[in-house]
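J.: A structural model of the following input is requested.
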Amino acid sequence: MVVKEIISIGNSQMPTVGMGLWKLEKGLASKGVRDAISMGYRHLDSATDYANETEVGIGIKQALDEGLCTREELWITSKLWNTDHRAEHVRPSLLKTMNDLQVDYLDLYLIHFPIALKHVPHDQLYPADWIYDLNAECPKMELDNVPISETWKAMEELVEEGLVRNIGVCNFSTGLIHDLLSYAKIKPAVVQVEVHPYFTQEKLLRLCRERDIAVTAFSPLGALSYVSLNMAQNSDNVLGEQVVLTAAKRLSKSPAQVVLRWGIQRHVSIIPKSSNPKRQLENLQLFDFSLTDQEMSEISALNRNQRFNDPGEFCERAFGAVSYTHLTLPTIYSV
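T.: Numbering: from 1, shown residues only. Presented below is the predicted three-dimensional model:
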């Protein structure tokens, strides 16, 4: 089954449902990606920081070699890491990603965070961590004084060169989006942010609709990915909310499918992740049912403005002289 539902972005078409590749273990990534494409996934969301792009690339190549799809049928996203924000580092970072993924262009390249960190040469550590020197007596993050405008101009040059077809941003607030739009020659095609019923992002979604910018929701099921990182509690479980359970029973669908359907009915693309084939297939099966207006409103009313992936929170700790051993956010954290 191939998911045909798409979001039009200029001359491009991004599948509404994608597969998030964060936390996909290296040993499982190649087969996982190949099998996901066989299952019908055509949208893959990757990033330098996920530390599995070489393995993901093997899986993509296997799928293409087997004729499961063509490269043109795939939408492949990756992200520029924080340590490569300076203009001279943007293109080499992209080329490294493309080499690892075994592709000659990306459909979408995002600035992963609006946080510029001191550059770490790729031959010294790749991918770089949030912490500049893990072996320092007091490891900490080290900022680099790079304006987003410098990074964005280098991103625009990648489009002009034909290396990427679309560019965008991730983890940006409405204020940062407004600022970016004030000078961008090429406006962001996609804004990728955390969106789920506990964090509905109404203001940001309105802005993006007004400016014709697509929105992709990561962590569309909420806290599930963060409990193991001590960034959420087991009680932060949107799938257990009564309105979700009631809708799931009415529709004979899983609670997860109800929450994901809520996301796409808000005209947002979603990138849920799972290593469970049954759940992966369920995550694709969202287009044969609909939620009522009342169900949509009641699920939206669950909003707590509760963000689980909050750079401001962990950066406040990490920018100071906080021991790395006390941080809950090693490389696997980033989304």
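J.: how about the closest residue to Lys118 other than its chain neighbours, what does it touch?
T.: Take Lys118 and drop its neighbours on the chain: the residue closest to it by CB to CB, 6 or more residues apart in numbering is Glu142, 4.2 Å away. C-beta: built from backbone N, CA, C; applies to glycine. Taking CB atoms under 8 Å, 6 or more residues apart in numbering as the contact definition, Glu142 lies against 117-118, 132.
J.: Return the closest of those with respect to Ser149.
T.: Distance to Ser149 across the contacts of Glu142 (CB to CB) is lowest for Leu117, with 17.3 Å.
J.: Measure how buried the closest one is and give me the count.
T.: 22 (other CB atoms under 10 Å).
J.: ok, how many other residues are close to the spatially closest residue to it that is not a sequence neighbour?
T.: Distances taken as CB to CB, 6+ apart put Asn82 closest to Leu117, at 4.3 Å, once the chain neighbours are dropped. Asn82 is flanked by 27 other residues according to other CB under 10 Å.
J.: which residues touch Asn82?
T.: 112-113, 115-117, 128, 130.
J.: switch the cut-off to 10 Å
T.: 48-49, 111-120, 128-130, 141, 143-144, 146, 311, 334 (CB atoms under 10 Å, 6 or more residues apart in numbering).
J.: Pick out the residue nearest the middle of this protein.
T.: Most central in the chain under CA atoms, centre = their mean is Phe218, positioned 5.0 Å from the mean C-alpha point.
J.: Look at the residue in the chain sticking out farthest from the centre and give its secondary structure.
T.: Computed with CA atoms, centre = their mean, the residue of the chain farthest from its C-alpha average is Glu137, at 32.8 Å. When classified by DSSP: H, G, I helix; E, B strand; the rest coil, Glu137 comes out as coil.
J.: when you give positions from now on, start the count at 353
T.: Noted, 353 is the first residue going forward, which turns the last one into Glu489.
J.: Quick check: phi and psi at the residue nearest to the centre of the chain.
T.: phi -90, psi 160 (degrees, to the nearest 10).
J.: quick one: it and Met371, what's the gap?
T.: 12 Å (CB to CB, to the nearest Å).
J.: any common contacting residues for those two?
T.: Joint contacts of Phe570 and Met371 (CB under 10 Å, 6+ apart) are 397, 623-625.
J.: Strands - which of those land there?
T.: Asp397 (DSSP state E).
J.: got TSV for the shared contacts of Phe570 and Met371, with neighbour count, pLDDT and distance to Cys560 too?
T.: Formatted as TSV, the shared contacts of Phe570 and Met371 follow (neighbours: other CB atoms under 10 Å; pLDDT from 0 to 100; distance: CB to CB, whole Å):
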residue	neighbour count	pLDDT	distance to Cys560
Asp397	27	98	18
Ile623	23	97	16
Pro624	26	96	20
Lys625	24	90	23
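J.: So which residues of the chain form strands?
T.: 358-361, 364-367, 371-372, 395-397, 427-432, 460-463, 519-522, 542-546, 566-570, 621-622.
J.: would you turn those into CSV with distance to Ala415?
T.: Shown next, in CSV, are the strands of the chain (distance: least, CB to CB, whole Å):
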stretch, distance to Ala415
strand 358-361, 19
strand 364-367, 15
strand 371-372, 12
strand 395-397, 10
strand 427-432, 12
strand 460-463, 19
strand 519-522, 25
strand 542-546, 23
strand 566-570, 22
strand 621-622, 21
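J.: Lowest average pLDDT across these?
T.: The weakest mean pLDDT among the strands of the chain belongs to strand 358-361, with a mean of 90.
J.: In CSV, list the C-alpha atoms belonging to that strand.
T.: In CSV, the C-alpha atoms belonging to strand 358-361 read as follows (Å, rounded to 0.1, in the frame of the first residue of the first chain):
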residue,chain,number,x,y,z
ILE,A,358,0.3,14.5,-0.1
ILE,A,359,0.9,18.1,0.8
SER,A,360,1.9,20.3,-2.2
ILE,A,361,4.9,22.5,-1.7
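J.: how near is Met648 to Pro549?
T.: Counting by CB to CB - Met648 and Pro549 are separated by 10 Å.
J.: Mutual contacts of these two, please.
T.: With CB under 10 Å, 6+ apart, Met648 and Pro549 have common neighbours 595, 614.
J.: Settle it for me: which of the two has more neighbours?
T.: Neighbours were counted for Met648 and for Pro549 using other CB under 10 Å; Pro549 has more, 25 against 17.
J.: Now Pro607. Nearest residue, chain neighbours left out?
T.: Nearest non-adjacent residue to Pro607, counting by CB to CB, 6+ apart: Leu591, 4.1 Å away.
J.: Pro572 is in contact with the one you found, correct?
T.: No - in this structure Leu591 lies outside contact range of Pro572 using CB atoms under 10 Å: 11.5 Å.
J.: The two: which is more packed in?
T.: Pro572 (27 against 17).
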